[in-house]
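1. Whatever this is, show me its structure:
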Amino acid sequence: MEDSEKNERYFKAKDRMEEIKKFYINLLSYIFFIAFLAAVNYYTNEWDYPWFLWAAFGWGIGIIFKAAKVFGINPFLGKNWEERKIKEFMHEDENQRRWK
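-> Predicted structure coming up:
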């Protein structure tokens, strides 16, 4: 029993490490590609219209959402929201059963 639990924890940790690794690869790709687009933008029209910012903004939103998912950041519901809600529903159910 202990070995299977240890293996399960190991595989969960390995999966989490893979998610974080993919995020950092995506982030580095973003940085290099946006820098490349900025250079192309500069050499083609010398900042008359910084069109590369549209790509940076769009891809940046995706990066932010991916970071929130990978690192467990949820500004709207908080870290323990699900557990608190489950306990609240269980408590409500228990109270309703008492009065029936």
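
2. element containing the residue most central in space within the chain?
-> Centrality entry for the chain: nearest residue to the mean C-alpha point is K69, 2.2 Å, by CA atoms, centre = their mean. Assigned by DSSP states H and E, K69 belongs to helix 52-71.

3. Run through who's touching the next helix or strand after that helix.
-> Per DSSP H and E, the first helix or strand lying C-terminal to helix 52-71 is helix 81-98. The contact list for helix 81-98 (CB atoms under 8 Å, 6 or more residues apart in numbering) reads N74. All C-beta atoms are positioned from the backbone trio N, CA, C, and that covers glycine.

4. packing partners for whichever helix in the chain runs longest?
-> Taking DSSP state H as the criterion, the chain has its longest helix at helix 2-45. Secondary-structure packing of helix 2-45 (3 or more CB pairs under 8 Å, 6 or more residues apart in numbering; DSSP states H and E): helix 52-71.

5. quick one: average confidence on the helix it packs on?
-> Mean pLDDT, helix 52-71: 94.
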